[in-house]
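Undergrad: Build me a model from this:
(chains A and B)
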Amino acid sequence: MLDIKFIRENSDIIKQATLKKHLNFDVDELVAVDSKRLEILKVVEDLRSQQNTASEAIAKAQNDERNGLIDSMRRVKDDLKFKEEELEEVMKKWRALMLAVPNIPDMSVPEGSSDTDNIEVKTWGTIPTFPFKPLDHIELMEKQDMVDFERGTKTAGFRGYFLKNDGAMLEMAVWQYAMSRWQNKGFTPMLVPSLVKRETLLGSGYLPQGEDDLYKDGNDYLAGTGEVATMFYHSDETLDAQSLPKKYIVWSPCFRKEAGSHGKDVKGLVRVHEFYKCEQVVLCEANHETSVKYHEEITRNAEEMMEELGLAYHTVANCGGDLGLGQVKKYDIEVWMPSQEKYRETHSASYFHDFQTRRLNIRYKDSEGKLRYAHSLNNTAAATPRLITAIIENYQQADGTIKVPDVLVPFMGGKTIIGKSVI
RNA sequence: GGAAAUGUGGCUGAGUGGUUUAAGGCACUUGUUUCGAAAACAAGCGACGGAGCAAUCCGUCCGUUGGUUCAAAUCCAACCAUUUCCGCCA
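TA: This next block holds a predicted model:
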């Protein structure tokens, strides 16, 4: 959501944003609807003012005078009702359009329509070479009894899975490693609801346009990311400016229908309907430079974790067409997957300015005592099981066992090698 | 899931149809006083939208959404939340 005043005065900027994000949105229509809204609102407010004045007079008047006033107010009431209905019609349209206004992408966001136009901004690590034919994570995990897809689909349907033995333990080790790692950086750990109300998803900007990718029952939805509940946590609050930035490291189950991705990653654990994620969420003061600073910081946090894990990755700046409605700029971190011989997304870091906090009404009082909408950002910390597929493939050994990355050993009860040799 | 009670500003709390423009208190801000503070006294003290250069003015907001009425914090309905009890459950 953007400020309607800003939209009115800067419709050209909105038009450019719409083009850059490859969206269909008619800002001229919104501006026209808004003019209509203000015009009717003026009439309604004048009638209400009349009513308020008359109401006072009626309270004091007696007999005939009183009856006469009441009669004339009856007509005002009818007019008001008619105008209010007209206003409600316009407001419906207005609200729907307001939710569709895209946020303005940063100047530095590359042009382009899809992820193939994203631009690599960094690479790290050496792409591993194996003196044997490397296996994919599916084979590796099945050989070591770390996963059961057959019973997974029997139980949960397409993309269902069970993690077993060190498959289960490795996943939990990653969570613990990530949660404590970010806690040490000053982030507040939280476990947050995945079962959430519709308004939470409107607040973070996933709805109304993302309906098809969400599991739901009536007004109850399963969130696709912990960001949703975490952002809603502070909705309708005025934060203490001293408490900014607020940094959260959040663990939650995540549910995604993956609508529109049938045929992609149909096997394995790279794309599943139910997964778990440690997510970084930041609220900071309303200032572009501050947003950029924390955007770089939460991106770097994740890159450092990948470096600690010893996983080769690159970071891309997402192009305009690959940005969400509310995102100003986004970096994806993509890990090298030996079986696919390409990079696959593990992290997505974006900032929103006040797009989300306007919807959620999250404000703070700045140093001049003025109420302002905070800025918000988020990035993945560790999304599993996708991340463990990368670990497993990159750390596989000739005999089919899997070396545990050093930083995870303490979280695996001291275990350094997963599995028995299967040669 | 069933029953009952409750829902008013940052907090507390009055208000059950018309000077309520939401009393009073606490907290907060400023001033007077003081070497300084406390206390006392005085004044101020919400958000959002609109008009205006401005002073200021208008409108909306008493859990939410509708309804009744010339007029709703107040009456009615539904919903939501909280508390207590029962049922169920990890």
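Undergrad: And the residue of the stretch 251-400 of chain A closest to RNA strand B?
TA: Here the stretch 251-400 of chain A gets closest to RNA strand B at one residue, A:Leu371, 4.4 Å apart by Cβ to the nearest atom of the strand. No exception for glycine: its C-beta is placed from N, CA and C like everyone else's.
Undergrad: Please look at that residue and A:Tyr364 and confirm they touch.
TA: Yes. Here A:Leu371 reaches A:Tyr364: they are 7.4 Å apart, a contact under Cβ atoms under 8 Å.
Undergrad: Need the residues touching each of these two.
TA: The contact sets of A:Leu371 and A:Tyr364 overlap at A:Thr238 (Cβ atoms under 8 Å, 6 or more residues apart in numbering).
Undergrad: higher neighbour count, those two?
TA: Comparing A:Leu371 with A:Tyr364 by other Cβ atoms under 10 Å, the one with more neighbours is A:Tyr364, at 24 against 9.
Undergrad: ok so, going back, tell me the contacts of the residue of the stretch 251-400 of chain A closest to RNA strand B?
TA: A:238, A:363-365.
Undergrad: Among those residues, give me the pair with the biggest separation.
TA: Farthest pair in the contacts of A:Leu371 (Cβ to Cβ) is A:Arg363 and A:Lys365. Separation: 7.7 Å.
Undergrad: Neighbour count for these two, which is higher?
TA: A:Arg363 (20 against 13).
Undergrad: tell me the SS of the more buried one?
TA: At A:Arg363 the chain is in strand, as set by DSSP: H, G, I helix; E, B strand; the rest coil.
Undergrad: Now do the buried residues in stretch A:238-251.
TA: Buried residues in stretch A:238-251, counted by 16 or more other Cβ atoms under 10 Å: A:239, A:244-251.
Undergrad: Return the member of those nearest to RNA strand B.
TA: Set against RNA strand B, the nearest of these by Cβ to the nearest atom of the strand is A:Leu239 (12.6 Å).
Undergrad: Contact partners for the closest residue in space to the closest one that isn't next to it in sequence?
TA: Nearest residue to A:Leu239, sequence neighbours excluded (Cβ to Cβ, 6 or more residues apart in numbering): A:Tyr364, at 4.2 Å. Counting by Cβ under 8 Å, 6+ apart, A:Tyr364 touches A:238-241, A:244, A:285, A:371-372, A:374.
Undergrad: cool, A:Arg181 as well?
TA: Per Cβ under 8 Å, 6+ apart, neighbours of A:Arg181: A:305, A:308, A:381.
Undergrad: Fine by me, thanks again.
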